[in-house]
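**Q** Generate coordinates for the sequence data below:
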Amino acid sequence: MFNQYHQQIVTQLKREAALGLVIEDAITQLHQQGFSIIASMRVLRAVYGVSLKEAKDYVSNHPAWESLTTATKPLHEELIANVSGL
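**A** Numbers count the residues shown, from 1 in each chain. As a prediction, this is how the structure comes out:
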């Protein structure tokens with residue numbers, strides 16, 4: 001599921017989370033390290049044990065991703081409407 005680099009980040013963040021790193025700060029770190037939204041969600045699930053929906057909500061509502069999620073919101077809503085109509 002993870003390449004070697006991603007696995008190293010998961011291991012590092014697990015250590016930091018055990019010392020009190022909150023999920024919001026982990027997202028900031030992942031964003032700064034160039035992780036995509038999807039990769040960030042995968043890492044959060046591995047580190048914090050959150051559900052896919054929780055990981056999506058955390059990442060997509062985080063200020064680090066605000067410009068991207070705002071820009072893609074109309075497309076996302078259109079996609080949901082089209083899929084719901086099937």
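
**Q** so where do the helices sit in the protein?
**A** 4-18, 23-32, 37-48, 52-60, 66-84 (DSSP state H).

**Q** I'd like these laid out as TSV, including mean pLDDT.
**A** Shown next, in TSV, are the helices of the chain (pLDDT from 0 to 100):
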stretch	mean pLDDT
helix 4-18	94
helix 23-32	96
helix 37-48	96
helix 52-60	94
helix 66-84	78
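
**Q** ranking these by burial, who's on top?
**A** Greatest average neighbour count among the helices of the chain goes to helix 37-48 (a mean of 20), per mean count of other CB atoms under 10 Å. All C-beta spots, glycine's among them, are computed from the backbone N, C-alpha and C.

**Q** And that helix, how far out from the chain middle?
**A** The chain centroid and the centroid of helix 37-48 are separated by 5 Å under CA atoms, centre = their mean, to the nearest Å.

**Q** Give me the contacts around that helix.
**A** Identification of contacts with helix 37-48 by CB atoms under 8 Å, 6 or more residues apart in numbering yields 1-2, 6, 9-10, 13-14, 17, 23, 26-27, 30-31, 35, 50-52, 55-56, 58-60, 65, 68-69.

**Q** How about stretch 18-35?
**A** The contact list for stretch 18-35 (CB under 8 Å, 6+ apart) reads 9, 13, 16-17, 39-40, 43-44, 47-48, 50, 58-59, 62, 64-65.
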